[in-house]
Each structure stands twice: as C-alpha cells, then as structure tokens.
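**Student:** coordinates for the following, if possible.
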Amino acid sequence: MKLQPMGDGYVSNIYQIGNKKVYPLMFEVNYGQMQSLNSYLYDNGKQLVLIDACIHLPACNEFFDRQLKEYGLSIEQIDFILLTHHHGDHVGQVNRLLKIKNIPIYAHYKSIERLTLEESYLEQRRKFFHKMYNEYGCLDLGKKQLEKLKHSAENNKDIKISVPINPLYDGDEIAGLKVIEVPGHSPDSISFYDAETKWKFAGDLVLNPGSTNALIDFDENLELLPTVAQYEQSLKICKDIDTSIIFPGHQPPFDEHALVINKKLQRIQQKSERVVEIVKQGHHVTKDIAYQMYREKLEKSFSLVMSEVIGYLEYCVSNGKLTKIKQKGEWYFHVV
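**Tutor:** Residues are numbered from 1 along each chain as shown. All right, here's what the predicted structure looks like:
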C-alpha cells in the first residue's frame with residue numbers, strides 16, 4: 001500500500017477481499033521512528049467495526065471526521081468499537097464518538113479497570129512502581145514518575161470510559177474476528193484475526209519499521225510480570241498464524257509477517273546478550289546497567305528505559321543467563 005502524506009494524516013488505499021473491506025485511518029505523527037497512530041474501520045459485509053480509536057487531540061478529531069467523509073462513511077454507521085489495549089493513543093476518540101452514537105465497546109477483560117481508571121487499580125499501580133523502583137535501586141530517578149502516577153485520574157480524565165465495556169477473552173469471536181491474547185506490550189494486549197481474509201489487526205504487537213516496548217507491569221499479586229518473555233511468546237504465536245496482511249497500531253500495514261517477526265525475535269536475543277555482557281563487565285545494579293546501555297537517555301526517558309532494562313534483566317534471569325541477589329533491599333545481578 002502506498003501512503004500519501006496529507007499534513008496531519010494519510011490518504012490510503014482501501015483493502016478489499018470479497019465483500020470485506022478495511023479502511024485505514026492513519027493519523028500522521030513525527031515521534032522518533034513512529035510515523036502514524038492507526039485506527040481501522042473493518043467492514044465484514046454486514047457490520048462496520050472501528051478497531052482502536054487514535055488519540056485525544058483536536059487535530060485527530062478533525063482528521064478522523066475528514067477521513068470518514070472521504071471514505072463515504074459516518075460515525076453513525078459504526079456498529080462496534082474494538083480496542084487492542086488500553087493505551088491512550090488507541091482509545092482517545094472513544095468518548096467523542098459516544099457523544100454522537102451509543103456504540104458498544106469491546107476490550108480485553110484486563111483492559112476494563114485500566115480504561116475506567118478504577119481507583120483500586122490506580123492505587124495498586126502506585127504501590128507497585130514505588131516498590132519496584134525501590135528494589136531496583138532507582139527510586140531517586142523515579143520520583144517524577146511516581147508523582148505523575150498520583151495524578152493519573154486527573155491527567156487521563158478525558159479518555160476515562162464511563163460506560164459499560166464488554167469483556168473479551170482469548171478465543172472469543174466478535175464481528176467475524178477471532179480474539180488472540182498477545183501480552184507483552186501490555187497485559188491486556190489482544191489481536192483480532194479474520195480467518196477468511198487472513199487479515200490480522202495486531203495493535204502494537206509488531207511494527208514495521210520500529211520496535212515495540214515490553215512495558216513492565218504487574219499481576220494480581222503486585223508481582224512483576226515477565227513482560228519480555230510474554231512479548232517473545234506473543235510474537236511466536238503471531239508468526240505461526242497464516243497471515244496475508246498485518247494492520248499494526250503504528251506504521252503502514254505490511255505483508256511477509258514471518259520475516260518481520262523473525263527480526264524482532266533476533267533483536268530480543270541481541271538485547272539480552274548485550275545485558276549479559278554489561279553485567280560481565282562488572283556492572284551489577286540496575287541503574288548502572290541502564291546507564292551503560294542508554295547513557296543520557298536514562299534520565300530523559302526514565303520510565304521507558306527502566307522498563308526496558310528491568311524487563312531484560314528479568315528475562316536473562318529466567319533464561320538462566322543471570323542470577324540475582326537482594327542486598328540491603330536492592331537487587332544485584334551476576335553472570336551465572
């Protein structure tokens with residue numbers, strides 16, 4: 001598919017097989033390697049489904065409405081909204097659309113407390129990150145992030161969803177699409193797959209070009225999830241599914257998904273080998289290891305960098321390449 005920049009969006013080709021169509025809604029951005037924030041209108045021949053809902057910005061509102069008009073479609077025609085995960089750049093238009101039409105919303109069951117900003121969840125999140133930053137020796141650098149978490153409800157009030165959300169589980173089917181759990185980027189990440197056309201709406205699981213962060217998160221016991229291992233397994237699941245086109249959450253749609261995913265899997269191994277090498281050089285605490293990997297980016301992008309480094313340290317521990325010992329409340333890492 002050829003994309004033509006339009007200033008604050010893209011005009012893109014419509015995908016069609018039989019009576020099924022995909023209308024890409026690709027809002028142009030310039031953020032590092034990221035080229036676009038993507039939503040898709042999927043027409044299964046009977047129903048029109050919006051998959052993800054971009055970001056909450058006036059420019060995106062205008063782009064969204066203009067693009068629908070160019071496609072000859074309207075918000076009133078949308079029958080369902082399906083969300084691949086809870087992140088703000090995938091749900092930002094939901095509340096605006098609901099003011100126009102009462103559209104049923106479907107998301108992974110783990111998305112619900114995150115999308116509704118339940119106070120119990122937000123409190124757990126604050127406790128988890130405070131505990132984690134303390135145990136990994138970066139509480140000093142994490143103060144800004146922890147302060148930001150105190151104001152999550154206020155900062156995200158415009159994208160808080162206050163209507164009932166229909167829960168989805170692995171293997172469910174909705175509007176002719178199969179739900180596939182693909183945790184790693186987030187605990188609630190799912191893909192939607194059309195077995196007839198072999199189209200896959202993958203959310204942020206796999207981008208081309210660009211990389212996906214396996215963001216650290218917690219389970220029901222406030223324990224750190226094995227996010228990198230989950231991400232690796234989700235990539236393998238995605239690779240094994242017969243796919244003609246992947247419609248990602250960012251960047252253009254692409255084919256030859258197995259080649260792209262193989263590169264992502266190789267990259268995981270390369271990063272883990274880099275972590276082990278740094279520990280071999282005598283760097284044993286998380287903050288020091290993070291600095292060796294990212295230098296000045298550690299403070300500039302603290303949350304993302306620490307998420308990456310902690311995730312890969314734990315991945316190396318789980319694979320038997322590293323071991324960890326807690327000394328005075330902080331984890332120290334050593335080569336096995």
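
**Student:** now the strands for the stretch 201-336 of the chain?
**Tutor:** 245-248, 322-327, 330-335 (DSSP state E, counting those that start in this stretch).

**Student:** let me fix that, I meant to ask about the stretch 1-150 of the chain.
**Tutor:** 4-5, 10-11, 15-17, 20-31, 34-43, 48-51, 80-82, 105-108.

**Student:** mean pLDDT, mean neighbour count and distance to Q251 added to these, as CSV?
**Tutor:** C-beta here means a position set from N, CA and C on the backbone, and glycine is covered the same way. Formatted as CSV, the strands of the stretch 1-150 of the chain follow (pLDDT from 0 to 100; neighbours: other C-beta atoms under 10 Å; distance: least, C-beta to C-beta, whole Å):
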stretch, mean pLDDT, mean neighbour count, distance to Q251
strand 4-5, 37, 10, 14
strand 10-11, 48, 18, 11
strand 15-17, 95, 15, 16
strand 20-31, 93, 19, 9
strand 34-43, 95, 23, 6
strand 48-51, 98, 24, 15
strand 80-82, 98, 22, 20
strand 105-108, 98, 24, 22
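
**Student:** can I get the ones you listed in TSV with distance to N208?
**Tutor:** Shown next, in TSV, are those (distance: least, C-beta to C-beta, whole Å):
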stretch	distance to N208
strand 4-5	18
strand 10-11	16
strand 15-17	16
strand 20-31	14
strand 34-43	11
strand 48-51	18
strand 80-82	22
strand 105-108	23
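
**Student:** OK, contacts around K150?
**Tutor:** K150 is in contact with R126, counting by C-beta atoms under 8 Å, 6 or more residues apart in numbering.

**Student:** what separates it from S186, distance-wise?
**Tutor:** K150 sits 21 Å away from S186, taking C-beta to C-beta, to the nearest Å as the criterion.

**Student:** equivalent analysis for P226, please.
**Tutor:** In terms of C-beta to C-beta, P226 sits 14 Å off from S186.

**Student:** just give the nearest non-adjacent residue to K160, would you?
**Tutor:** Spatial nearest neighbour of K160, excluding adjacent residues (C-beta to C-beta, 6 or more residues apart in numbering): L117 at 4.7 Å.

**Student:** neighbours around the residue nearest to A258 when sequence neighbours are not counted, how many?
**Tutor:** Take A258 and drop its neighbours on the chain: the residue closest to it by C-beta to C-beta, 6+ apart is K239, 5.4 Å away. Using other C-beta atoms under 10 Å, K239 is surrounded by 17 other residues.

**Student:** between the strands of the stretch 1-150 of the chain, which one is nearest to Q233?
**Tutor:** For Q233, the closest of the strands of the stretch 1-150 of the chain is strand 105-108, at 16.3 Å, according to C-beta to C-beta.

**Student:** direction included, what does that closest one pair up with?
**Tutor:** strand 80-82 (parallel), strand 166-168 (parallel) (DSSP bridges).

**Student:** could the ones you listed be laid out in JSON lines, adding distance to I100?
**Tutor:** Formatted as JSON lines, the strands paired with strand 105-108 follow (distance: least, C-beta to C-beta, whole Å):
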{"stretch": "strand 80-82", "distance to I100": "12"}
{"stretch": "strand 166-168", "distance to I100": "19"}
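
**Student:** what's the lengthiest helix in the chain packed up against?
**Tutor:** Once the chain is assigned using DSSP state H, the helix that runs over the most residues is helix 257-280. The contact analysis (3 or more C-beta pairs under 8 Å, 6 or more residues apart in numbering; DSSP states H and E) places helix 257-280 against helix 227-240, helix 286-294, helix 302-318, strand 322-327, strand 330-335.

**Student:** mean pLDDT and distance to N221 added to the ones you listed, as a markdown table?
**Tutor:** Below are those laid out as a markdown table (pLDDT from 0 to 100; distance: least, C-beta to C-beta, whole Å):
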| stretch | mean pLDDT | distance to N221 |
| --- | --- | --- |
| helix 227-240 | 98 | 16 |
| helix 286-294 | 97 | 21 |
| helix 302-318 | 97 | 16 |
| strand 322-327 | 98 | 18 |
| strand 330-335 | 98 | 18 |
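
**Student:** between these, which one is closest to E273.
**Tutor:** So among the helices and strands packed on helix 257-280, helix 302-318 is nearest, using C-beta to C-beta, at 9.0 Å.

**Student:** what's the local residue count around T227?
**Tutor:** 25.

**Student:** please apply the same query to A229.
**Tutor:** Per other C-beta under 10 Å, the neighbour tally for A229 reads 18.

**Student:** which ones are touching it?
**Tutor:** Going by C-beta under 8 Å, 6+ apart, A229 touches Y315, S318.

**Student:** and it, how close does it get to L177?
**Tutor:** 27 Å.

**Student:** can you put the strands of the stretch 201-336 of the chain in JSON lines and add distance to L48 and mean neighbour count?
**Tutor:** Shown next, in JSON lines, are the strands of the stretch 201-336 of the chain (distance: least, C-beta to C-beta, whole Å; neighbours: other C-beta atoms under 10 Å):
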{"stretch": "strand 245-248", "distance to L48": "15", "mean neighbour count": "23"}
{"stretch": "strand 322-327", "distance to L48": "49", "mean neighbour count": "13"}
{"stretch": "strand 330-335", "distance to L48": "50", "mean neighbour count": "16"}
